[in-house]
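Asker: Return a 3D structure for these sequence lines:
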Amino acid sequence: MHIPNLYEKLPVDPSPVQNLLAQGVVYELTALAAKEGIFNALTVEKSASRLASELAWDEVITERVLQVLVQAGYLTCLGSQYLTIKAVSQYLPPDSPWFLADSLLPEFPAGSFAHRVLQALNNKAFTPSCHERKPNQVERLRGIGARALTSEFVQTTVEAVSLDRKKHLFDLGGGHGFYSIAFAQKYPALTVTLFDVPDIAALASASIQDYGLSSRIHTLAGNFLEDDIGSGYDAILCSLMLSPANFATVLPKVHSALLPGGTLIVRIHISDGFPNLAGAINRLFCALNGHRKMYTLAEWQNWLAEYGFCNVYTANITDIVAVLTATRT
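Answerer: A predicted model of the protein is given here:
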């Protein structure tokens, strides 16, 4: 399916497939919780920390799993105390005369989502840092790009930010290229430079060519932690690539690269987004992929101000992702 304008609503609604995939995640986590004794352990209120200690599990992954089960309706959470709902206590324990869960997976084959979660709970899975190169990065980014469009992250970001008077957008760590393409499509006078490592820049270049935008979107290969990123941009997009670990390296580069009065657009994961099932699942996926700690919206706003940006504004919050804009002083 070719999508004419990436900043517009998709012509085919992806929600039936998204709902099916979310149900699959919930099913596997429910089977895991039943098999590993989470529901039995939470017939009395406990914190995620206490449960993780009792089961010798990783505390961060434990809490993310419990949050999904809360949003799915199988647990309640008051304050930081989790509790199994009565229906689950009645119908899921194998020794109950009303046991209904004989169809749940008894084992979790290697490669399944539940197996990956269980490995992480037991600290047996290598969880890379969020900025470390991962195997099959190009193929992984294809999936990330598809989810960015179907979850409307691309569309809501472009809608939330005005680049009417901007001439040159720099997409730092531009990945699949869909944000660059969408901004270029909406603003015909805009030139875009997408910066990423060579194999990813090549992936983005192919997509840019498919959309006939090679004359206005240029790719630049490099490592943003080591290489010069140029200057003279009046807008810079940093999408899910900033972290406290790289602030001291990246933010001064970004500040210098922006023209005075230029706009910084930052997409970040936040810990205080709206609670829902999709957000809880995404937080679990983030933890499995290295984003073990998330920060509040206020923390991100303060960090940008500390590095010389003013007029920090929350342009949009979708699920667990916030879009912030700021101005170079």
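Asker: Which of the helices and strands in the protein ranks last by mean pLDDT?
Answerer: helix 137-150 (a mean of 86; mean pLDDT, DSSP states H and E).
Asker: got the contact list for that one?
Answerer: 3, 6, 10, 14, 18, 134, 153-155, 175-179, 199-200, 203, 207 (CB atoms under 8 Å, 6 or more residues apart in numbering). Every C-beta, even on glycine, is put in place using the N, C-alpha and C of the backbone.
Asker: Tell me which of those fall in helices.
Answerer: With helices taken from DSSP state H, the overlap with the contacts of helix 137-150 comprises Gln18, Phe153, Val154, Gln155, Phe178, Tyr179, Asp199, Ile200, Leu203, Ser207.
Asker: low-scoring pLDDT stretches of the chain, where are they?
Answerer: Residue ranges of the chain with pLDDT under 70: 1-2, 125-136.
Asker: could you pull out the strands for it?
Answerer: Ranges of strands within the chain are 46-47, 75-78, 81-84, 168-172, 191-196, 217-221, 233-239, 258-269, 309-318, 321-328, based on DSSP state E.
Asker: Would you format these as TSV with distance to Lys35 included?
Answerer: Formatted as TSV, the strands of the chain follow (distance: least, CB to CB, whole Å):
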stretch	distance to Lys35
strand 46-47	18
strand 75-78	16
strand 81-84	14
strand 168-172	44
strand 191-196	41
strand 217-221	47
strand 233-239	38
strand 258-269	30
strand 309-318	34
strand 321-328	32
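Asker: Mean neighbour count and distance to Asp102 added to the ones you listed, as TSV?
Answerer: Listed next are the strands of the chain as TSV, based on neighbours: other CB atoms under 10 Å; distance: least, CB to CB, whole Å:
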stretch	mean neighbour count	distance to Asp102
strand 46-47	18	27
strand 75-78	15	22
strand 81-84	20	19
strand 168-172	24	51
strand 191-196	23	49
strand 217-221	19	54
strand 233-239	23	45
strand 258-269	20	38
strand 309-318	16	39
strand 321-328	21	39
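Asker: looking at these, which is closest to Ala278?
Answerer: Nearest to Ala278 among the strands of the chain is strand 309-318 (9.7 Å), distances taken as CB to CB.
Asker: so what does that closest one touch, helix or strand wise?
Answerer: helix 153-160, helix 297-306, strand 321-328 (3 or more CB pairs under 8 Å, 6 or more residues apart in numbering; DSSP states H and E).
Asker: With distance to Val25 as extra columns, can I get these in a markdown table?
Answerer: Output for these, formatted as a markdown table (distance: least, CB to CB, whole Å):
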| stretch | distance to Val25 |
| --- | --- |
| helix 153-160 | 19 |
| helix 297-306 | 26 |
| strand 321-328 | 18 |
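Asker: Of those, which is nearest Ser96?
Answerer: Comparing the helices and strands packed on strand 309-318 by CB to CB, strand 321-328 comes nearest, at 40.6 Å.
Asker: In CSV, please show the C-alpha coordinates belonging to the closest one.
Answerer: Once non-C-alpha atoms are left out, strand 321-328 reads as follows in CSV (Å, rounded to 0.1, in the frame of the first residue of the first chain):
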residue,chain,number,x,y,z
VAL,A,321,5.5,9.7,23.7
ALA,A,322,5.6,13.5,24.1
VAL,A,323,6.5,16.1,21.5
LEU,A,324,8.3,19.1,22.9
THR,A,325,9.4,22.2,21.0
ALA,A,326,11.9,24.7,22.2
THR,A,327,13.8,27.8,20.9
ARG,A,328,17.5,28.4,20.7
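Asker: for the least confident helix or strand of the chain, which positions count as buried?
Answerer: Leu141, Gly145, Arg147, Ala148, Leu149, Thr150 (16 or more other CB atoms under 10 Å).
Asker: Can I have the buried ones of the ones in helices among the contacts of helix 137-150 as a ChimeraX selection?
Answerer: The buried residues among the ones in helices among the contacts of helix 137-150 can be selected in ChimeraX (16+ other CB under 10 Å) with this line:
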select :153,154,155,178,179,200,203,207
